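Undergrad: sequence and computational prediction follow.
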Amino acid sequence: MIRISTFLLTLAIASLVTAADLPTGETPPGKVVLVPQPHHDDHSTDYGMAGLIARLVDEGYRAIYIRASNDEKDGRHGYPRNDIINLRETEEAVAALGMEKVINLNWRNNYESPYALNELREQLIFLIRKYKPEVILGHNAWEHFQKNPGHRNVGWMLEEAMWLAQFPNVHPEHFEMGIEPHAASYFYGKARLTWGLGHRPNIVMEFNADQQKRKETAFQLHRNVRASPGGARSLRAQLSGMNLTIPKFENLDDQEIAILTANWGMEYISRLHGSHAGVEFGEEYYFMDEFYELPGLKSFLNANTMAK
């Protein structure tokens with residue numbers, strides 16, 4: 001049987017490093033990052049934002065996760081148990097990244113088209129005003145070929161909520177509760193860009209090896225939908241059928257193999273995105289800052305200002 005060396009796998013990952021074609025971003029000034037996502041695991045997917053979350057937490061941010069849907073369809077245990085299991089695993093995953101808490105909006109999973117979208121938008125406006133984030137991490141709703149309706153709809157409502165939350169004539173009843181208008185200054189929009197062209201990323205956010213490990217841990221902790229023993233058994237059967245083996249798999253059970261291969265996948269994606277900016281680990285985003293709608297002013301400031 002042919003043995004596949006992990007050295008060759010590492011070499012294949014290292015070969016991804018190419019000439020940088022995207023800039024790296026600095027950590028924005030601020031204290032709070034809000035992460036509104038459609039599903040329980042969207043922050044920690046291979047194309048997700050767990051590396052940036054870990055970096056922001058390490059640099060002093062208070063991080064809060066908003067779980068829009070209850071994810072009852074995501075898993076193999078039936079709707080009620082999936083909901084309970086996925087919530088517990090979300091809380092474990094955000095804790096591994098150093099996030100403070102999970103806020104659940106409990107919309108039904110994959111029933112996004114019949115959502116009362118205005119109500120979802122109003123919930124997001126309230127939460128933006130309540131927690132006053134300087135930074136928001138969400139889906140880029142304008143990425144073309146976004147197959148998942150939850151990603152599109154929550155992304156659209158989030159962009160509208162970010163804009164409307166700053167105006168005092170929008171939901172003035174909030175003021176009676178001490179909730180004031182607020183405008184977040186920085187938005188990082190993620191997208192599964194392998195699905196097609198559209199809004200392209202304009203920045204890579206770098207993170208370190210420790211933050212990469214926490215990203216891998218957050219990914220694994222969604223055990224109901226990831227790193228399953230069945231996937232490992234299927235992989236071993238495929239390798240055996242091709243007369244191949246991976247030495248690293250020896251003396252590991254199926255669950256351990258599932259976790260190991262998941263880590264390889266997460267590392268591959270982080271290195272791939274990092275290579276686009278000439279760094280070791282990174283995530284790609286469509287980034288908008290406080291001067292996004294004023295490109296002339298932004299260019300002027302870049303050319304004529306300097307740090308004190």
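TA: Right, received. Where do you want to start?

Undergrad: what are the boundaries of the strands in this protein?
TA: Remark: strands assigned in the chain by DSSP state E are 2-3, 32-37, 62-69, 101-107, 135-139, 186-190, 203-206, 244-245, 282-288.

Undergrad: what angle sits between the fourth one and strand 32-37?
TA: Our comparison of strand 101-107 with strand 32-37, counting by axes from the mean of the first three to the mean of the last three CA atoms, to 10 degrees, yields an angle of 30 degrees.

Undergrad: for the longest one, same thing?
TA: An angle of 20 degrees separates the directions of strand 62-69 and strand 32-37 when computed by the same axes, to 10 degrees.

Undergrad: what's strand 62-69 packed up against?
TA: In terms of contacts (3 or more CB pairs under 8 Å, 6 or more residues apart in numbering; DSSP states H and E), strand 62-69 is packed against strand 32-37, helix 50-58, helix 79-96, strand 101-107, helix 117-131, helix 149-164. All C-beta spots, glycine's among them, are computed from the backbone N, C-alpha and C.

Undergrad: check the last one too.
TA: Strand 282-288 sits against helix 50-58, strand 186-190, strand 203-206, helix 254-275, with contacts defined as 3+ CB pairs under 8 Å, 6+ apart.

Undergrad: still on that earlier bit, any chance of JSON lines for the strands of the chain, columns mean pLDDT?
TA: JSON lines is the format used below for those (pLDDT from 0 to 100):
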{"stretch": "strand 2-3", "mean pLDDT": "58"}
{"stretch": "strand 32-37", "mean pLDDT": "97"}
{"stretch": "strand 62-69", "mean pLDDT": "95"}
{"stretch": "strand 101-107", "mean pLDDT": "92"}
{"stretch": "strand 135-139", "mean pLDDT": "95"}
{"stretch": "strand 186-190", "mean pLDDT": "94"}
{"stretch": "strand 203-206", "mean pLDDT": "96"}
{"stretch": "strand 244-245", "mean pLDDT": "88"}
{"stretch": "strand 282-288", "mean pLDDT": "94"}
